[in-house]
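Q: this is a predicted model, with the sequence first.
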Amino acid sequence: MPLYRDDAVVLRVHKLGEADRIITMLTRRHGRVRAVGKGVRRTTSRFGARLEPGSHIDVQLHSRHDPEQPPVGARGLDIVTQTESLGSYGAQLAGDYARWTIVSVICETAERLTEEGEPSLRLYLLVVGALRALVERQHDPQLILDAFLIRSMSAAGWEPALTECAKCDAPGPHAAFHVGAGGAVCESCRPPGSARPQRATVQLMRDLLDANWTSADTSEPGPRREASGLLAAHLQWHLERGLRALPLVDRAAAVTAGSPDLPAVAP
């Protein structure tokens, strides 16, 4: 069986048999990979603690196919043979509920936005950067999450329109925002039920997309809540179903609660 090595972030784990786990990870060069960690649930496991969600690792795997070639049909499960820790972000954040739930959303989003075996370097770097920023407490955790969401949507081709009308490309700024339409919309194109966020909310989303942290860090609570709701609704619209981890995040409900275009994203 071919042997290969890559850097990866562990996105999800679940049990297999009595002592094994199936590890879903996002790798730097090989995209999303699923592999079996044999015996990692035993207390004597050499690397079980490194294969937890949010862990950044250097991993060696055995594969049933050539990892450098696109998979034909079902890829199957690789086998983890060795790991080295590059950053135990998940373990460092596990005791902080607010940040740990954000880690869960980041990992779930990354899994949903990738296909097995298809490289996604930009998303991999976004995940690593977001986890590192949470550990280093560089910014408010909610802003880190929203920055990750809007940039990951941009990488997937789902970036919301913020400076022009999503329908007719008329230059903005525009007062209305509609998730189904693709973002900001002018008065002529505005569908019924569109939200009317504050201008500071749209500016905050632009700052997060452009990594303008000087401006984002000084934003007010109101625009932050609106931006969180709009970004969560926009992502879930394109995913066509909700993120399981998102309601666990400690954040205010989306603006215009009850609107079909902006579902509540938190209890």
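A: Structure's in. What do you need?
Q: isn't P160 right up against G180?
A: No - look at P160 against G180 with CB atoms under 8 Å: they stay out of range, at 11.3 Å. C-betas here are computed from N, CA, C, even on glycine.
Q: compare these two and say which is more crowded by neighbours.
A: Per other CB atoms under 10 Å, whichever of P160 and G180 has more neighbours is P160, with 25 against 14.
Q: what residues are up against the more buried one?
A: P160 is in contact with I150, M153, A166, F177, G182, G183, A184, M205, L230, L231, H234, counting by CB atoms under 8 Å, 6 or more residues apart in numbering.
Q: now, these that are in helices?
A: I150, M153, M205, L230, L231, H234 (DSSP state H).
Q: distance of the residue nearest to S154 when sequence neighbours are not counted relative to I23?
A: Nearest non-adjacent residue to S154, counting by CB to CB, 6 or more residues apart in numbering: L209, 6.5 Å away. To I23, L209 is 31 Å away according to CB to CB, to the nearest Å.
Q: and if you look at L231?
A: 29 Å.
Q: of those two, which one has the most company?
A: Applying other CB under 10 Å to L231 and I23 shows that I23 carries more neighbours, namely 29 against 25.
Q: name the nearest residue to the residue of the chain most remote from its centre, ignoring sequence neighbours.
A: Most distant from the centre of the chain: S188, at 33.4 Å, with distances by CA atoms, centre = their mean. Closest residue to S188 apart from its sequence neighbours, by CB to CB, 6+ apart: C168 at 7.1 Å.
Q: hmm, E187 and the one you found touching each other?
A: No - the pair C168 and E187 fails to qualify as a contact (CB under 8 Å) at a distance of 10.9 Å.
Q: do you know how far the residue nearest to S154 is from D58?
A: Going from L209 to D58 by CB to CB gives 31 Å.
Q: what's the answer for L134, then?
A: According to CB to CB, L134 stands 21 Å off from D58.
Q: which of L209 and D58 has more residues huddled nearby?
A: Each of L209 and D58 has its neighbours counted (other CB under 10 Å); L209 has more, 19 against 15.
Q: what about that one, distance to E240?
A: 23 Å.
Q: for E52, same thing?
A: To E240, E52 is 29 Å away according to CB to CB.
Q: of these two, who's got more company?
A: Neighbour totals were compared for E52 and E240, and E52 leads with 18 against 6 (other CB under 10 Å).
Q: so that one, which of the three states?
A: Here E52 is recorded as coil under DSSP: H, G, I helix; E, B strand; the rest coil.
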